[in-house]
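Asks: fold the following and give me the result.
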Amino acid sequence: MIVGVKGLKGEVRVKSFTEAPEDVAAYGPLKASDGRTFDLSVVNVLEDVVIAKVAGVSDRTAAEALKGLELFIDRAVLPKTEGDTYYHADLIGLAVETAEGEKVGKVSAFHNFGAGDVMEVTKEGGSDTGFLPFAADVIAQVDIPGGKVVITPQPGLFEDEGRGDEDDDEA
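Replies: Presented below is the predicted three-dimensional model:
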């Protein structure tokens with residue numbers, strides 16, 4: 001996603017979701033949801049924000065017009081994953097259940113706030129969401145062909161569960 005501009009020569013700030021941020025330009029042209037394609041060349045990398053030059057964009061005004069634009073890589077050019085490596089897009093929508101088969105909900109999103117990936121789970125049949133670290137001690141199995149992620153149950157996944165007045169101090 002183009003999150004801002006840098007300087008007067010049309011450089012943009014790109015929030016990269018690739019493993020190595022600079023790889024955002026390594027897969028060839030990027031596509032926008034409106035059908036336009038963009039060729040990027042990386043100028044600099046600042047943590048997970050890439051400073052890039054967009055072909056055909058030579059001034060700040062043109063770069064500002066691209067702010068907020070979501071860019072996508074064609075799935076066909078991405079490398080195949082191996083072992084316990086997954087693309088978030090392949091996991092979103094999968095059922096989440098415990099090893100005992102108890103249905104918990106569905107994977108609704110992934111976030112990374114700096115300490116690793118966090119899987120957002122939307123509660124079965126509801127609008128409540130909870131968050132789980134996407135880590136081996138929590139994720140027991142990822143079964144993409146079977147359409148599910150098996151988790152080790154985590155207390156407090158959905159904060160409203162198990163709450164009641166019995167925990168309140170009596171007067």
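Asks: okay, CA-based contacts and neighbour counts for the rest of this
Replies: OK.
Asks: could you pull out the helices for the protein?
Replies: 60-64, 88-91 (DSSP state H).
Asks: name the residues of the longest one that are buried.
Replies: Neighbour-count burial for helix 60-64, counted by 16 or more other C-alpha atoms under 10 Å, picks out 60, 62-64.
Asks: out of those residues, which comes closest to L78?
Replies: Checking those against L78 with C-alpha to C-alpha, the nearest one is A63 at 26.7 Å.
Asks: could you check the pLDDT of that closest one?
Replies: At A63, the model reports a pLDDT of 96.
Asks: got the contact list for it?
Replies: The contact partners of A63, by C-alpha atoms under 8 Å, 6 or more residues apart in numbering, come to 5, 10-12, 57.
Asks: out of those residues, which sit inside strands?
Replies: Using DSSP state E, the subset of the contacts of A63 located in strands is 5, 11-12.
Asks: centroid-nearest residue for this protein?
Replies: Nearest to the mean C-alpha position of the chain, by C-alpha atoms, centre = their mean, lies F110 at 4.3 Å.
Asks: I'd say that one and H88 touch.
Replies: Yes. Between F110 and H88 there is a contact at 6.8 Å, judged by C-alpha atoms under 8 Å.
Asks: now do the strands in the chain.
Replies: Secondary structure of the chain (DSSP E): strands located at 2-6, 11-15, 30-32, 37-38, 40-46, 49-54, 71-72, 95-98, 103-112, 117-123, 129-133, 139-143, 148-151.
Asks: return the first one as PDB; C-alpha atoms alone will do.
Replies: What follows is strand 2-6 as a C-alpha-only set of coordinates in PDB (Å, rounded to 0.1, in the frame of the first residue of the first chain):
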ATOM      1  CA  ILE A   2       1.300   3.500  -0.800                       C
ATOM      2  CA  VAL A   3       1.200   5.200   2.500                       C
ATOM      3  CA  GLY A   4       2.800   8.500   1.700                       C
ATOM      4  CA  VAL A   5       5.300  10.500  -0.400                       C
ATOM      5  CA  LYS A   6       8.900  11.500   0.100                       C
END
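Asks: name the surrounding residues that touch it.
Replies: Outside of strand 2-6, the residues within contact range by C-alpha under 8 Å, 6+ apart are 11-15, 51, 60, 63-64, 66-71.
Asks: name the residues of that strand that are buried.
Replies: Across strand 2-6, burial judged by 16+ other C-alpha under 10 Å covers 2-5.
Asks: pLDDT (mean, whole number) over it?
Replies: In this model, strand 2-6 has an average pLDDT of 95.
Asks: tell me how far E11 lies from I144.
Replies: Distance of E11 to I144, computed by C-alpha to C-alpha, to the nearest Å: 39 Å.
Asks: which of those two has more neighbours?
Replies: Neighbour count, other C-alpha atoms under 10 Å: between E11 and I144, E11 has more, with 27 against 13.
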